[in-house]
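In: what follows is a predicted protein model with its sequence.
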Amino acid sequence: MERAEAVHRLKQLEGRDLHVLAQEYGVTIVSGNGTVNKGWAGHVCERYLGLPINSAQSPNFGSWELKSIPLKRLQNGKLAFKESMAITMIDAYNVSRTSFAESHLLAKLRKAVIVAREVGKGFDEPTFVHTIAEINLDGDLYRAVESDYETIRSCLNDPARGFLHLTGRMGVYVQPRTKGTGHGSISRAFYARTCFLAKFIDLAEK
């Protein structure tokens, strides 16, 4: 499926509750033991588009990537990004030896489609699709993200620092952060900061 067709189809979900679609497509939100499937909303959108659930590092539709991010309602009634957006895991060996132009990060990010959805305080509350946004990474923003990547790559290639010195303080638009549960996790992933997301997603009420 080409990205333009997917965007057209996904836009038909704007204003709809993904919980209803989760039931329709048999996507589990909370397992029998109470564990929440954090990726359930993205899985619903993948099923809606006819794609099997996939966690491979290559873009999940071949030439473009589908992402889902939560929005929260502030006390003043306005919408805000609830968190940064996970992009892809950081493999120290691969990133340290790969240019930005050939990176998994660019492959995932340059032609992504984002489903932004308003969430409640708990996973059992309705979550309505707010916006379908396309990421087109070029020009100054491309160069800025490339600079963030090279900052991370430089740390990996520095004998005095290395993988464990990657920190969320790095990067203007893309940061390396711990991925996984518990304080003992050492996995890292690339995350898009909310200032990056704001370039593509208008949080104004429709």
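Out: Looks like it came in fine.
In: residue contacts, the closest residue in space to residue 31 that isn't next to it in sequence?
Out: Excluding the flanking residues, the one nearest residue 31 by C-beta to C-beta, 6 or more residues apart in numbering is residue 37, at 6.9 Å. C-beta here means a position set from N, CA and C on the backbone, and glycine is covered the same way. Taking C-beta atoms under 8 Å, 6 or more residues apart in numbering as the contact definition, residue 37 lies against 27-31, 43.
In: which strand residues bridge the nearest residue to residue 85 once chain neighbours are set aside?
Out: Nearest non-adjacent residue to residue 85, counting by C-beta to C-beta, 6+ apart: residue 192, 4.4 Å away. On the basis of DSSP bridges, residue 192 is bridged to residue 85, residue 174.
In: hmm, residue 192 is touching residue 81, no?
Out: No - shown here, residue 192 and residue 81 do not form a contact pair, counting by C-beta atoms under 8 Å, at 9.9 Å.
In: what about the two, which has more around it?
Out: residue 192 (28 against 20; other C-beta atoms under 10 Å).
In: for the more buried one, what are its contacts?
Out: By C-beta under 8 Å, 6+ apart, the contact set of residue 192 is 84-85, 87, 109, 173-174.
In: hmm, which two among the residues you listed are most spread apart?
Out: For those, the farthest-apart pair by C-beta to C-beta is 84 and 109; their separation is 12.9 Å.
In: what does the helix ranked longest in the chain contact?
Out: Counting by DSSP state H, the longest helix found in the chain is helix 139-156. With contacts defined as C-beta under 8 Å, 6+ apart, helix 139-156 is touched by 90, 92, 95-96, 100, 103, 105-106, 109-110, 137, 161-163, 165-166, 170-176, 190, 196, 199.
In: what's the answer for stretch 171-191, then?
Out: 84-90, 105, 109, 141, 144-145, 147-149, 151-152, 163-164, 166-170, 192-193, 195-196.
In: tell me the buried residues within these.
Out: Buried subset of these (neighbour count, 16 or more other C-beta atoms under 10 Å): 84-88, 90, 105, 109, 144-145, 148-149, 151-152, 163, 166, 170, 192-193, 196.
In: direction included, what does the lengthiest strand in the chain pair up with?
Out: Counting residues, the longest strand in the chain under DSSP state E turns out to be strand 65-73. When sheet partners are counted by DSSP bridges, strand 65-73 sits next to strand 79-81 (antiparallel), strand 112-118 (parallel).
In: and those, which is most packed in?
Out: Comparing those by mean neighbour count (mean count of other C-beta atoms under 10 Å), strand 112-118 ranks first with a mean of 22.
In: who touches it?
Out: Applying C-beta under 8 Å, 6+ apart, the external contacts of strand 112-118 come out as 3, 6-7, 10, 13, 18, 41-42, 45, 64-73, 79, 85, 127-135, 197, 200-201.
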